[in-house]
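Participant: Quick one: sequence plus predicted model below, questions after.
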Amino acid sequence: MKVFGAALAFLTVAASAQTSGDLVTLKVQGNVYLITGAGGNIAVQTGDQGVLVVDTGLAEMGDKVVAAIRKLSDKPVQYIINTHVHPDHTGGNDAVRKAGLTYVGANVTGNLTDAGVGAQILAQDNVLKRMSAPTGKQAPTPFGSWPTETFLSGRKQLFFNGEPIEIIHQPAAHTDGDSLVIFRRSDVVVTGDLFVTTSYPFIDVDRGGTIQGEVDALNNIMEIAIPGLQDEGGTYIIPGHGRICDQPDLLEYRDMVTIIRDRIQAAIKKGMSLARVKAAGLTKDYDGRYSAKSGFGTADQFVEAVYNTLSRKK
Amino acid sequence: MKIRAAGLILLVAMGCWGQGPGGYNPIGPGVSLDGNWGPVFHEDAHERGPGPELVNYLGLPITDGARMYGLAWDASRFTIPEHQCEVHIVSYIYRGPYNLRIWEEHDPVSQKLIAIKQYIDNYQQTRTIWMDDHPQPPEAAPHTWMGFSTGKWEGNILTVYTTHLKWGWIRRNGLRHTDQATLTEHFIRHGNHLTHVSILTDPITLTEPLIKTQDLVLRVQNGQTWLYPCEPVVEIERPRGTVPHYLPGENPFLHEFADQYHIPVDAALGGAATAYPEYQSKLKQAGAK
């Protein structure tokens, strides 16, 4: 729990630097929009049925996020999907949930009076486990922000606003509860922090992340995304942090992560210690672009996470 | 006599208008770049045609990080399907063989110049250089091969500034600039010749701006090949997610270019110093053969 608290504190500080101004909303493609500036990136799908939101930003930005969503649609938020557990992506859950509703019927109506209150929050089951706590213990996050519906198997499917939507679990990658969200008609993939343009991947080893899961997830996104004419556009990718991308952008990142994994794997085979690997400068070609200045996503953290998860005995 | 009278009338008429060809239309800024242009390959022909040698970074002001990136690059990466159709970035595309069509787009009501457009047939790229007050895209907007460009006339020179670039070649032997790079260009017309100056800046891969020039000539005849269809295929069966690269210190071509031209490897590895004439003296002092 202490680690989670520390993570929350950092993410709040780090993200506040980028939220000093107003939120920025961009149309991505089809029915999907991007809201930036509230912490992690937020995707919004709108249509006749209502609003679906992927991730909700930091808790303190909740009201501004709701206001930004209202500028896109006055219809109710029916679904929130969380790509993973971190508070810069789930912190606004409660505020956005309260701005929505769940349509209920049949024998539910009248029996469970609160069933229709607020939007549903969907996530892979490990997200709920990490946000909640067993009865009698203090949960790390407030009850109102917890997922209301989880899935255990590899994927969950929805059809909303005339669009097929897939939520696909990516095991043991950035965390143990990561999901990709694919808007199949709009042709947009939301990756959460499996892919960011602002730093090296932050592999949260304490929450089940591994380098091999990260590489597998990046290759999965590579196979889902199809570039448009002349290798540009086509499927658009909303990363967890940073700008809108397409497959060639992801390709650079996938290559980088794979190459650094291979280098560290070769160093481990030579019997090099973590300290020696860190001192060897194996990420020097990418540090200028991807090493975060502080906080999550530094070269040091990335090398350590790769080294530790590759060194584990299977 | 009749001819002499007609000439007098013409001279009087021209004097009344007080202008040459162009009539009553006042002269605006800049010159017309419209037309079909083709590159002249007398400059850097070897690099621009068959391509640069492996580990030839001579004369390029690259950072240590960019050099390490280049030394890790294995040309076999071109065989990965996702890399096969990769477009030459705008900071590099004018180095290659191509036809270049330039035209202007005007507001139909005011005839104000909105944009100068370019079509580059290599990779079928259409480029827009905004000449009006087009707003800069947000930071989170996609980056593209041609980037986001705004232009202005500085006398008869079209100066263009470009942001929102993807990663792309500095030299197509493994040296790449990042998506943080920006580009300044000058298009300078001298009659039927066009000089293109590109100034690439990237604090991550370059220690100082990289300046290159290319010349083009106006083509009276239309270009014949205006398309570039590209469809990737699996050329080599590999395990999923394989990225060909050399581990640090294991590039087998490290000495190839240096040995061929009898220069030290340090020179082949580039850096800003190798771009300047004084470097030749330094090499002589070092006893290079």
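Facilitator: Good, I have the coordinates.

Participant: Do a quick rundown of the strands in chain B.
Facilitator: Ranges of strands within chain B are B:35-40, B:100-106, B:113-120, B:125-130, B:148-154, B:157-163, B:168-171, B:175-177, B:182-190, B:193-201, B:210-219, based on DSSP state E.

Participant: Adjacent strands (with direction) for the longest strand along chain A?
Facilitator: Taking DSSP E as the criterion, chain A has its longest strand at strand A:163-170. Counting by DSSP bridges, the strands paired with strand A:163-170 are strand A:155-160 (antiparallel), strand A:178-183 (antiparallel).

Participant: before we move on, back to that, looking at the strands of chain B, which is closest to chain A?
Facilitator: strand B:125-130 (6.8 Å; Cβ to the nearest Cβ). Placement of C-beta: from N, CA and C, glycine included.

Participant: Throw the strands of chain B into CSV and include distance to residue A:162, mean pLDDT and mean neighbour count, thanks.
Facilitator: Listed next are the strands of chain B as CSV, based on distance: least, Cβ to Cβ, whole Å; pLDDT from 0 to 100; neighbours: other Cβ atoms under 10 Å in any protein chain shown:
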stretch, distance to residue A:162, mean pLDDT, mean neighbour count
strand B:35-40, 45, 94, 19
strand B:100-106, 36, 96, 17
strand B:113-120, 36, 97, 19
strand B:125-130, 32, 98, 19
strand B:148-154, 32, 97, 17
strand B:157-163, 36, 98, 20
strand B:168-171, 38, 97, 24
strand B:175-177, 41, 98, 24
strand B:182-190, 41, 98, 18
strand B:193-201, 45, 98, 18
strand B:210-219, 49, 95, 17
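
Participant: hang on, the earlier thing: please identify the deepest-packed of the strands paired with strand A:163-170.
Facilitator: Of all the strands paired with strand A:163-170, strand A:178-183 has the most neighbours on average by mean count of other Cβ atoms under 10 Å in any protein chain shown, namely a mean of 27.

Participant: Could you list the residues in contact with that strand?
Facilitator: The contact list for strand A:178-183, computed with Cβ atoms under 8 Å, 6 or more residues apart in numbering or on different chains, reads A:30-32, A:43, A:45, A:54, A:81-84, A:123-124, A:163, A:165-171, A:188-194, A:217, A:220-221, A:224.

Participant: residues from the stretch 101-250 of chain A in reach of chain B?
Facilitator: Residues of the stretch 101-250 of chain A lying close to chain B by Cβ under 8 Å from any Cβ of the partner chain are A:197, A:215-216, A:218-219, A:222, A:227, A:229-233, A:236, A:242-249.

Participant: Now, those that are in helices?
Facilitator: Judged by DSSP state H, helices contain the following of those: A:215, A:216, A:218, A:219, A:222, A:247, A:248, A:249.

Participant: Write out the residues of the stretch 101-250 of chain B neighbouring chain A.
Facilitator: So far as Cβ under 8 Å from any Cβ goes, the stretch 101-250 of chain B lies against chain A at B:123-125, B:138-145, B:166-167, B:178-180, B:203-205, B:228, B:230, B:240-243, B:245, B:247-248.

Participant: measure residue B:134 to residue B:115 for me?
Facilitator: 8 Å (Cβ to Cβ, to the nearest Å).

Participant: from what I can see residue A:243 touches residue B:142, true?
Facilitator: Yes - applying Cβ atoms under 8 Å, one finds residue A:243 in contact with residue B:142, separated by 6.8 Å.

Participant: neighbour count winner among the two?
Facilitator: residue A:243 (23 against 20; other Cβ atoms under 10 Å in any protein chain shown).

Participant: hang on, the earlier thing: now restrict the residues of the stretch 101-250 of chain B next to chain A to buried residues only.
Facilitator: Buried members of those, counted by 16 or more other Cβ atoms under 10 Å in any protein chain shown: B:123, B:125, B:140-145, B:166-167, B:178-180, B:204-205, B:241-243, B:245, B:248.

Participant: Out of the ones in helices among the residues of the stretch 101-250 of chain A next to chain B, the closest to chain B would be?
Facilitator: Using Cβ to the nearest Cβ, those come closest to chain B at residue A:219, 4.3 Å.

Participant: which ones are touching the closest one?
Facilitator: Taking Cβ under 8 Å, 6+ apart as the test, what residue A:219 contacts is A:254, B:240, B:241.

Participant: Could you do residue A:123 as well?
Facilitator: A:81, A:82, A:84, A:85, A:147, A:150, A:177, A:179.

Participant: circling back: of the contacts of residue A:219, closest to residue B:156?
Facilitator: Distance to residue B:156 across these (Cβ to Cβ) is lowest for residue A:254, with 45.4 Å.

Participant: so how far is chain B from the closest one?
Facilitator: 7 Å (Cβ to the nearest Cβ, to the nearest Å).

Participant: tell me how far the host helix or strand of that residue is from the chain's mean position?
Facilitator: Here residue A:254, judged by DSSP states H and E, is contained in helix A:247-269. Computed by Cα atoms, centre = their mean, to the nearest Å, the chain-centroid distance of helix A:247-269 equals 20 Å.

Participant: any bit of the helix or strand following that helix sitting next to chain B?
Facilitator: Downstream of helix A:247-269, the next assigned helix or strand under DSSP H and E is helix A:274-279. No - judged by Cβ under 8 Å from any Cβ, helix A:274-279 makes no contact with chain B; its nearest approach is 11.5 Å.

Participant: List the buried residues of helix A:274-279.
Facilitator: A:274, A:277, A:278.

Participant: What about the nearest residue to the first one once chain neighbours are set aside, how many residues nearby?
Facilitator: Counting by Cβ to Cβ, 6 or more residues apart in numbering or on different chains, the nearest residue to residue A:274 once its immediate chain neighbours are dropped is residue A:307, at 5.0 Å. The burial metric for residue A:307, expressed as a neighbour count using other Cβ under 10 Å, is 21.

Participant: now the one 4 residues further on
Facilitator: Residue crowding around residue A:311 was assessed by other Cβ under 10 Å; the count is 11.

Participant: How about residue B:62?
Facilitator: 26.

Participant: Look up the closest residue to residue A:202, ignoring the ones flanking it.
Facilitator: residue A:296 (4.1 Å).

Participant: now the contacts of strand A:178-183: which count as buried?
Facilitator: A:30-32, A:43, A:45, A:54, A:81-84, A:123-124, A:163, A:165-171, A:188-194, A:217, A:220-221, A:224.

Participant: right, and residue B:207 touches residue B:270 too?
Facilitator: No - here residue B:207 does not reach residue B:270: they are 10.2 Å apart, not a contact under Cβ under 8 Å.

Participant: which of these two has more neighbours?
Facilitator: Shown here are residue B:207 and residue B:270; by other Cβ under 10 Å, residue B:270 has more neighbours (23 against 16).

Participant: now that one: how far from residue B:168?
Facilitator: Distance from residue B:270 to residue B:168, by Cβ to Cβ: 18 Å.
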